[in-house]
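A.B. asks: Coordinates for the following, if possible.
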Amino acid sequence: MPDPPQAQPNEILGVGAVVVDREGRVLLVRRAHPPSAGAWTLPGGRVEPGESTEAAIVREVREETALETRVLCSLGSVSITREGLSFHIHEYLVAPVDDRLPRAGDDAADVRWASRSELAALGVYPDAIAVIDRGLAEARSL
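C.D. replies: Numbers count the residues shown, from 1 in each chain. You can find the predicted model right below:
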């Protein structure tokens, strides 16, 4: 097994998921805690020591939304800074493995499916929308 990717010393290694359902909607979580408390964003979080980024994203989606998912492909990585913290986030397109309904858990205050046209009105950050757009394009090509 290859070594997990490393963030720079001042960055937190994280993962994010563009989860797309059969109707082409994207799964969003409302953050319960800083950074970005109250914001609608993609499910994700920190990579645990020794954990691969793919294992981390499946775990994070499960913890935040109660959904079991499988990784479809990588969407690359982004570096962001929020509230004085810097993150290096590996983004993935993932799909639910069944039709169960998502429910908020872990550090998610709420969870919902949203169409692309709803993202700006929900206050989703532009950098997250850019990742979502990449994920939706990739999902259409599969």
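A.B. asks: So Arg82 is in contact with Ser36, correct?
C.D. replies: Yes - in this structure, Arg82 is within contact of Ser36 by Cβ atoms under 8 Å, at 5.4 Å. All C-beta spots, glycine's among them, are computed from the backbone N, C-alpha and C.
A.B. asks: residues shared between the contacts of the two?
C.D. replies: Residues touching both Arg82 and Ser36 (Cβ atoms under 8 Å, 6 or more residues apart in numbering): none.
A.B. asks: Report the contact partners of the residue lying closest to Glu54 once chain neighbours are set aside.
C.D. replies: Nearest residue to Glu54, sequence neighbours excluded (Cβ to Cβ, 6 or more residues apart in numbering): Val71, at 5.0 Å. By Cβ under 8 Å, 6+ apart, the contact list for Val71 reads 54, 57-58, 92-94.
A.B. asks: now, which of those residues lie within helices?
C.D. replies: 54, 57-58 (DSSP state H).
A.B. asks: ok, and the most crowded of those residues?
C.D. replies: Ile57 (30 neighbours; other Cβ atoms under 10 Å).
A.B. asks: So what sits opposite the closest residue to that residue other than its chain neighbours in the bridge?
C.D. replies: Take Ile57 and drop its neighbours on the chain: the residue closest to it by Cβ to Cβ, 6+ apart is Val15, 4.2 Å away. Beta-bridge pairing of Val15 under DSSP bridges involves Gly45, His90.
A.B. asks: Val15 touches Ala55, doesn't it?
C.D. replies: No - contact between Val15 and Ala55 fails when scored by Cβ under 8 Å: they sit 9.2 Å apart.
A.B. asks: residues touching the nearest residue to Leu85 once chain neighbours are set aside, list them.
C.D. replies: In space, and not counting its chain neighbours, Leu85 is closest to Pro35: 5.6 Å by Cβ to Cβ, 6+ apart. Going by Cβ under 8 Å, 6+ apart, Pro35 touches 82-83, 85.
A.B. asks: follow-up on the earlier one: tell me if the residue nearest to Glu54 really is in a strand.
C.D. replies: Yes - Val71: assigned to a strand according to DSSP: H, G, I helix; E, B strand; the rest coil.
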